[in-house]
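**Student:** I need the structure of the sequence given here:
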Amino acid sequence: MTKLYKLALAVLLPFTAVAQQEILTVPIKSFSGKISTIKDISPAIDDAGNTCLYLTQYNLFTKFTSTYFLSLTPTGQVLGKTKLNSDFIEQQDFLGSLDQGESFHFYKYSKTDRGYKIIQHKVNKATGENTILPDLEPELLKGCKFVTSFTEGNQVYMLFYSKKESALQVLQLDANSQSNIKTIVITIDNGPSRFLRYSDVEFMNEKSAKTVYAAHHQKKLYKQGDKLYFVFDAFMLGNTKFTTTDILELDLTNSTSKLTKLPEMPYKTGLNFNSYLFKDQLFRVQVSSKELILDVYELPTLKQLKNYSYGKDDQLTLKSTPVLKRGAATIYDSDYKVLEKTSEVLRKMDKGTPAITVEETGTNTLQLTIGSYVAPTPSGGYGGGMGMPMGGGTISTPGGSVTLPSTRMAMASPGFYSQGSGVSTYFKAFLNAATYTKVEHTTGRTLQDQVDDYEIHLQKGDKRIGSTATYKANGNAYFVYEDLDEKALKLVMFSAPAQ
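**Tutor:** Model prediction:
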């Protein structure tokens, strides 16, 4: 064990005992009997902890993809294992899942000559039995294209964009297969680029993962009441001389839209920023090799409520935890490192896409996670920085499960997330929820912290890990991963430590 590893563990591991238990091990060969690897893991969970894992398995020999339903009790007992037909004939992309009392409903979609088709499956919670339900073919605008999808309030939402009509269509589907479509005309520049190209639209809510990987996407979608909010960060405007944060509000009740913009900033090399919408406040962080700026704005007035600014020679007094770098950009770089000098922090963050998340923790206290994420490039290296539009976009699963559609857009289901395989640099800060001033916070580490620490522990022990997923239910966190060394799917349960 290296000194660096010991230092990282001293920073990462909580001082209290972590209640964790490996509750399931399923050999990969039990799914197909051939050498295969799990491509994606998408869990459906109810409040009691009953779980059904939707597994996409890629066969290394045949190059075909198969899907399975693995039904589990809250304690990890296998109730049923169902294989679906191989999907190599027709591409079917995962949309989401809903809890329907005695069963889980799973939804996929595929493109057809007439538009889009939604494929439905019902899985019995008690037996794991799978029933195929009739397909649905929603009546959409001609030529519209799929943007993204998410689940919330036990409904699946699918969003489509029509360039011809300059409109977004929002399809709401409940567990009884009843659907409702809203068509909302929008006015925004570069619509096709914003909704269909370059990077994923990432859905965020209170159950989403509060990690820099989940939040580094610069096209985000939020739902508050009967309104949806698209937030676009660092998109270049028409003349490419200015950039800003655009907030597109969609009113699902009145089928209307409204566009709000933060003050424009002159584009300059090295400028990069990202934001997070928390209730009626927008938190935006700007990062370069020379400075870090945090602003808090009130919506819809755009009034600036708070500002923090730090240069490379300043002490980063905003942080409440050490700054940690996770992941290695090269074989010569360390996997985990604690960064102390502000200049080093900014230099590392400047290599990736900025990210910020906000969540409530304790009474009148907000926890901010601030950092940046460097996504792996197709060649196996890492790259970040500013493009047009800027933003990352490999696999994106914040608070939800996804097999990325051909448009490379993502969906999200509450309570689920997975970590990226790139480089994350981040710290946490605690602010007063009313004044946004820094406060001392002594609450122990969260369940998500414990899961992250466990994954680090596996990786530092030279454990080869494949696909992973994390979900929360019944006061516990569950970490499911593919153990490539033992060729098995494993499930670990984490319980909150006693206070």
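**Student:** Please report how far the nearest residue to residue 339 once chain neighbours are set aside lies from residue 257.
**Tutor:** Excluding its sequence neighbours, the residue lying closest to residue 339 (CB to CB, 6 or more residues apart in numbering) is residue 323, at 4.3 Å. C-beta: built from backbone N, CA, C; applies to glycine. Distance of residue 323 to residue 257, given as CB to CB, to the nearest Å: 39 Å.
**Student:** Phi and psi next, for the residue nearest to residue 339.
**Tutor:** phi -90, psi 120 (degrees, to the nearest 10).
**Student:** ok, residue 323 and residue 257, which is more surrounded?
**Tutor:** Neighbour count, other CB atoms under 10 Å: between residue 323 and residue 257, residue 323 has more, with 23 against 18.
**Student:** so what's the more buried one scoring on pLDDT?
**Tutor:** The score at residue 323 is 93. That number is its pLDDT.
**Student:** which ones are touching it?
**Tutor:** Neighbouring residues of residue 323 by CB atoms under 8 Å, 6 or more residues apart in numbering: 316, 338-340, 345, 371, 425-427.
**Student:** can you check residue 115 too?
**Tutor:** Residue 115 touches 137-140, 142, 144, counting by CB under 8 Å, 6+ apart.
**Student:** Pull out the buried members of those.
**Tutor:** 138, 140, 144 (16 or more other CB atoms under 10 Å).
**Student:** low-confidence ranges in the stretch 251-400 of the chain?
**Tutor:** Low-confidence segments of the stretch 251-400 of the chain (pLDDT under 70): 269-270, 328-336, 377-400.
**Student:** any idea where the helices of it begin and end?
**Tutor:** 342-349 (DSSP state H, counting those that start in this stretch).
**Student:** Pull out the buried positions in stretch 432-446.
**Tutor:** 433, 436, 438-439, 441, 445-446.
**Student:** re earlier: list buried residues within the contacts of residue 323.
**Tutor:** 316, 339, 345, 371, 425-427.
**Student:** got the contact list for the nearest residue to residue 116 once chain neighbours are set aside?
**Tutor:** Excluding its sequence neighbours, the residue lying closest to residue 116 (CB to CB, 6+ apart) is residue 109, at 5.6 Å. Listed by CB under 8 Å, 6+ apart, the contact set of residue 109 reads 92-93, 95, 116-119, 146, 158, 405.
**Student:** How about residue 221?
**Tutor:** Applying CB under 8 Å, 6+ apart, one finds that residue 221 lies in contact with 148, 150, 159, 201-204, 228-231.
**Student:** can you redo those as a markdown table with secondary structure and neighbour count?
**Tutor:** Output for those, formatted as a markdown table (DSSP: H, G, I helix; E, B strand; the rest coil; neighbours: other CB atoms under 10 Å):
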| residue | secondary structure | neighbour count |
| --- | --- | --- |
| 148 | strand | 26 |
| 150 | strand | 30 |
| 159 | strand | 25 |
| 201 | coil | 28 |
| 202 | strand | 31 |
| 203 | strand | 30 |
| 204 | strand | 27 |
| 228 | strand | 23 |
| 229 | strand | 18 |
| 230 | strand | 25 |
| 231 | strand | 24 |
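**Student:** which one among the residues you listed gets closest to residue 476?
**Tutor:** Lowest distance from residue 476 to those (CB to CB) belongs to residue 204, with 22.5 Å.
**Student:** Residue 319 contacts residue 427, correct?
**Tutor:** Yes - Residue 319 lies in contact with residue 427 (CB atoms under 8 Å); the separation is 4.2 Å.
**Student:** shared neighbours of these two, anything?
**Tutor:** Residues touching both residue 319 and residue 427 (CB under 8 Å, 6+ apart): residue 370.
**Student:** thinking again about what came up before, just the buried residues of stretch 432-446: which has the poorest pLDDT?
**Tutor:** Within the buried residues of stretch 432-446, pLDDT is lowest for residue 445, at 67.
**Student:** Quick check on residue 192: phi, psi?
**Tutor:** phi -60, psi -40.
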